[in-house]
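Colleague: Give me the fold of what follows.
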Amino acid sequence: MKKVIITGATSGIGYALAKEFHSRGYIVGITGRREKRLLQLAEELGHERVFIQTLDVTARDVHEKLDSLADAMDGVDIFVANAGVGYVTRTLDLAKDRHIIDVNVTGFVATVCWAAQKFTEQKHGHIVGISSVASTFYSGVTAAYNASKAFVCSYLMGIRLMFKTQKLPVFVTEVRPGFVESEMVEGQKGMFWVAKTSVAAYQMVEAVERKKKVVYITSRWRIVAWLGTMAGWFNKGL
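Modeller: Residues are numbered from 1 along each chain as shown. Modelled structure (predicted):
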């Protein structure tokens, strides 16, 4: 029975991923800052094959808490680095931008490094990083968010190359969602092709089980990513 740990499982994609993995028979470790939400999710799943760990990916004790969770689960095979935040800002806001970088970059690196070390020691594993279609272009209203997701994209490619060079059977999957129902997009204008979290989670887990390197959720967002990349080339003079 495979075991998966998911960060940011208290809402949105992480919440749906926990339910999808659990429905397929996985042992699921769920983490997040809001213990009440974790308990609610565990209740939904019937408390069977579910382990809970409150976790702030920006805190200093992140590795100790992940160690504790993995020990309780008697190991881990798949690690999903999902925790993330984003804001729409039409003027620069240092506090919000710093929070995005703290969670989406520093917190992401902290958790992925933990997983990489764990999987290197046990000589197998699968790291899944939730990036975004936003990683492929830049925006005047989500500058820090897009930049943080571009970091995630580049970092995961580097980690994948590292494991390949070391000839270790550790797989790396980068997930690039478009708009998915979540607290992050709720109430925002201009949303289109908004996928239901259950649909997005199903497609993500399918991609993980097939060990895909990069997957767009849903697949039509690949078109937007291509257009964004082309626009980037044309706007290099900005």
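Colleague: Show me where this structure has its strands.
Modeller: 3-6, 27-32, 50-54, 78-81, 125-130, 170-177, 214-217 (DSSP state E).
Colleague: Quick one: distance of the first one to the chain centre.
Modeller: Remark: strand 3-6 is offset 12 Å from the chain centroid, using C-alpha atoms, centre = their mean, to the nearest Å.
Colleague: what's the answer for stretch 115-127, then?
Modeller: 17 Å.
Colleague: heads up, I number from 31, so please use that
Modeller: Noted, 31 is the first residue going forward, which turns the last one into stretch 145-157.
Colleague: avg pLDDT for that stretch?
Modeller: Per-residue pLDDT over stretch 145-157 has a mean of 97.
Colleague: Equivalent analysis for stretch 71-80, please.
Modeller: Here the average pLDDT along stretch 71-80 is 93.
Colleague: max-length helix in the protein?
Modeller: helix 173-196 (DSSP state H).
Colleague: which helices and strands sit right next to that one?
Modeller: helix 124-131, helix 138-152, strand 155-160, strand 200-207 (3 or more C-beta pairs under 8 Å, 6 or more residues apart in numbering; DSSP states H and E). For the C-beta atoms, the positions are set from N, CA and C on the backbone; glycine is no exception.
Colleague: and stretch 116-129, how far apart are its ends?
Modeller: The first and final residues of stretch 116-129 sit 9 Å from each other (C-alpha to C-alpha, to the nearest Å).
Colleague: How about stretch 49-62?
Modeller: Taking C-alpha to C-alpha, the first and last residues of stretch 49-62 lie 15 Å apart.
Colleague: which outside residues touch it?
Modeller: 31-41, 44, 48, 68, 71-72, 74-75, 79-85, 95-96, 99-100, 102-103, 106, 108, 113, 228, 231-232, 234-235 (C-beta atoms under 8 Å, 6 or more residues apart in numbering).
Colleague: how far out from the middle of the chain is that stretch?
Modeller: Worked out by C-alpha atoms, centre = their mean, stretch 49-62 lies 14 Å from the chain centre.
Colleague: Report the mean per-residue pLDDT for it.
Modeller: The model assigns stretch 49-62 a mean pLDDT of 97.
Colleague: angle of the longest helix of the chain against helix 138-152?
Modeller: 10 degrees (axes from the mean of the first three to the mean of the last three C-alpha atoms, to 10 degrees).
Colleague: Now do helix 173-196 and helix 124-131, the angle between them.
Modeller: Using the same axes, to 10 degrees: helix 173-196 against helix 124-131 is 20 degrees.
Colleague: Helix 173-196: how far from the chain's middle?
Modeller: 12 Å.
Colleague: again, but for stretch 114-128
Modeller: For stretch 114-128, the distance to the chain centre is 19 Å (C-alpha atoms, centre = their mean).
Colleague: can you pull the buried residues of it?
Modeller: Judged by neighbour count (16 or more other C-beta atoms under 10 Å), stretch 114-128 contains these buried residues: Gly114, Val115, Gly116, Thr119, Lys126, Asp127.
Colleague: Over to stretch 67-77?
Modeller: Neighbour counts over stretch 67-77 (16+ other C-beta under 10 Å) mark Arg67, Leu68, Leu71, Ala72, Leu75 as buried.
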